[in-house]
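[1] predicted model and sequence follow; I will ask about them next.
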Amino acid sequence: MVFIKIREGESIEEALRRFKRDCERNGILKEIRRREHHTSPSVLRKIKQKEAERKLRRLKRRRSSR
């Protein structure tokens, strides 16, 4: 959970900006989007598989460029 204390002389807009930045840093918005809709286990497996393939391709590119 993210807590923001408003500093002396700080405007609401600045505090809101800090709050949003902390939420983004902690991955809260990403988690909210992920939980917004149900994803079936088969789709989750496909997503993880694609992510693993993408990481492998990236790793291969790094190794070949060295």
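    Arrived safely, thanks for sending. Please read all numbers here as calculations on a predicted model, not as lab measurements.
[2] now do the same for the closest residue to residue 29 other than its chain neighbours: helix, strand or coil?
    The spatially closest residue to residue 29, leaving aside those adjacent along the chain, is residue 23, at 5.8 Å (CB to CB, 6 or more residues apart in numbering). Backbone N, C-alpha and C define where each C-beta goes, glycine included. Classification of residue 23 by DSSP: H, G, I helix; E, B strand; the rest coil places it in helix.
[3] neighbours around residue 23, how many?
    As a burial measure, residue 23 scores 16 neighbours (other CB atoms under 10 Å).
[4] with the one 3 residues further on instead?
    As a burial measure, the neighbour count of residue 26 was computed by other CB under 10 Å and equals 12.
[5] in the chain, where is pLDDT below threshold?
    Within the chain, no stretch has pLDDT under 70.
[6] circling back to that earlier point, I'd assumed residue 30 was in contact with the residue nearest to residue 29.
    No: using CB atoms under 8 Å, residue 23 makes no contact with residue 30, being 9.6 Å away.
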